[in-house]
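J.: The following block contains a protein sequence and its predicted model.
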Amino acid sequence: MALLGYFAAGVLTWTFLEWLLHGRLFHSRGLRNPFAKEHALHHADPLHMVGWPRKLIGVVFVVGVLVAILRLSLGDFEAAAFPCGLGFMYLVYESVHRVIHTRAPRTSYGRWLRLQHVQHHFHTPKRNFGVTSAVWDHVFRTHVPFTKPLAVPERLAMPWLLDPQSGGLADAYTQDYVLVRRVRDLPDSTTAASAQ
Ligand SMILES: [Zn+2]
Ligand SMILES: [Zn+2]
């Protein structure tokens with residue numbers, strides 16, 4: 001039971017780190033860090049993402065270091081449970097983020113996740129940092145509710161939003177989104193260009 005508790009603590013800790021790293025590191029203005037540069041590229045082209053090999057090497061390294069440190073005072077399984085929970089949820093986050101951008105929603109939760117992230121990308125890049133949930137945005141008051149239909153610049157629209165025949169907004173999403181020509185046509189003055 002304790003092992004499950006450690007694993008769950010790792011999962012929960014990642015959901016907080018997801019908010020913290022995205023908000024404080026990826027969107028940091030003053031600090032010219034490689035993570036912020038990489039993330040600015042993702043905002044400029046939402047389909048641009050760092051490949052799985054680099055991410056997997058990173059997670060194996062971090063989990064390995066944490067296990068080695070925790071083994072100094074815990075047994076093998078106890079030492080592995082928390083880092084594995086953390087690493088597992090990190091991989092869930094990475095997968096969810098990719099799916100948000102590349103695949104159409106199938107559930108109401110999937111629909112909500114996409115709206116929440118589109119709100120971050122094109123309207124409030126300094127808010128709505130959570131990708132798998134909005135829990136920590138609510139805790140730290142960085143949550144901005146989205147108003148449908150959300151404007152999305154045509155050039156940066158997720159491929160699944162578009163009708164393959166006409167190239168316009170697919171009928172299934174007209175209640176949730178509206179396409180605009182340029183980022184500066186967005187009703188909100190805060191745009192993807194100010195993502196960094
Ligand atoms: Zn994104
Ligand atoms: Zn961002």
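T.: Happy to help now that I have it. Ligands and ions are numbered 1, 2, ... in the order given.

J.: can we go C-alpha only for contacts and neighbour counts from here?
T.: Will do.

J.: For this protein, which segments count as strands?
T.: Using DSSP state E, the strands of the chain run over residues 150-153, 177-180.

J.: Show me what counts as buried in the lowest-mean-pLDDT helix or strand in the chain.
T.: Ranking every helix and strand in the chain by mean pLDDT, DSSP states H and E puts helix 34-44 at the bottom, with a mean of 90. Residues of helix 34-44 classed as buried by neighbour count (16 or more other C-alpha atoms under 10 Å): F35, A36, E38, H39, A40, L41, H42, H43, A44.

J.: okay, which residue is most central for this protein?
T.: V131 (3.6 Å; C-alpha atoms, centre = their mean).

J.: Is that one in contact with E94, as I believe?
T.: No: contact criterion C-alpha atoms under 8 Å: V131 and E94 do not qualify, at 9.1 Å.

J.: Chain neighbours aside, what residue packs nearest to F146?
T.: Nearest residue to F146, sequence neighbours excluded (C-alpha to C-alpha, 6 or more residues apart in numbering): Q119, at 6.1 Å.

J.: What of G130?
T.: W19 (5.1 Å).

J.: so what's that neighbour up against?
T.: Counting by C-alpha atoms under 8 Å, 6 or more residues apart in numbering, W19 touches F129, G130, W136, D137.

J.: okay, now the closest residue to Q175 other than its chain neighbours: neighbour count?
T.: Leaving aside its chain neighbours, Q175 sits nearest to P149 (5.8 Å; criterion: C-alpha to C-alpha, 6+ apart). P149 is flanked by 14 other residues according to other C-alpha atoms under 10 Å.

J.: phi, psi of P149?
T.: Backbone torsions of P149, given as degrees, to the nearest 10, read phi -80, psi 140.

J.: Now do the contacts for it.
T.: Going by C-alpha under 8 Å, 6+ apart, P149 touches T174, Q175, D176, Y177, V178.

J.: ok so, going back, please identify the most buried of the strands of the chain.
T.: Mean neighbour count (mean count of other C-alpha atoms under 10 Å) peaks for strand 150-153 among the strands of the chain, with a mean of 22.
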